[in-house]
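Colleague: Test case, fold it:
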Amino acid sequence: MLKIVEAYDRRPIAEVETEGADALEVKLEKAARCFRDRDQWLEPQESELKEGSTDPGPVKAVGEFYRANQIPADSVARAIAYAIEQPFDVDINEIVLRPTSQEF
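Modeller: As a prediction, this is how the structure comes out:
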């Protein structure tokens, strides 16, 4: 049984039945296989921000910014894997990814 509690005072909210450690392990192994099988991944998505202007100057500047500061897909995947791999008693609330070369 998984007990759901309030974040601040740990007051019980609900209880959810679980399948047990063995079933969870099977699901985690399947997720890991899917993670490693990149042929099944969705194609990377591009933002329309780069083409959001008809003025050639800003379009060129934004394109240069993207090329200089883009984060490789593998780096994003490793950051997500880091959050997923944390033990049950560790809570990852949000992940903010930004290139280390970005000044702001």
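Colleague: Dead centre of the protein: give me the residue that sits there.
Modeller: Central residue of the chain (Cα atoms, centre = their mean): I80, 4.1 Å from the mean position.
Colleague: Let me see the contact set for the residue nearest to that one when sequence neighbours are not counted.
Modeller: Setting aside the residues directly before and after it, I80 is nearest to I95 in space (Cβ to Cβ, 6 or more residues apart in numbering), at 7.1 Å. Backbone N, C-alpha and C define where each C-beta goes, glycine included. Residues near I95 by Cβ atoms under 8 Å, 6 or more residues apart in numbering: 79-80, 83.
Colleague: how close does I95 sit to V62?
Modeller: According to Cβ to Cβ, to the nearest Å, I95 and V62 sit 24 Å apart.
Colleague: mind listing what the worst-scoring helix or strand of the chain on mean pLDDT pairs with, with the direction of each?
Modeller: In the chain, no helix or strand scores lower on mean pLDDT, DSSP states H and E than strand 2-5, which sits at a mean of 79. Sheet neighbours of strand 2-5, with direction, are listed as strand 12-16 (antiparallel) (DSSP bridges).
Colleague: And the residue nearest to the centre of the chain, its phi and psi?
Modeller: phi -70, psi -40 (degrees, to the nearest 10).
Colleague: swap in D9?
Modeller: Dihedral angles for D9 - degrees, to the nearest 10 - are phi -110, psi 0.
Colleague: A68 contacts S101, correct?
Modeller: Yes. Counting by Cβ atoms under 8 Å, S101 is a contact partner of A68 at 6.6 Å.
Colleague: Let me see the domain layout of the chain.
Modeller: Domain assignment for the chain by automatic domain parsing gives 1-41, 47-104.
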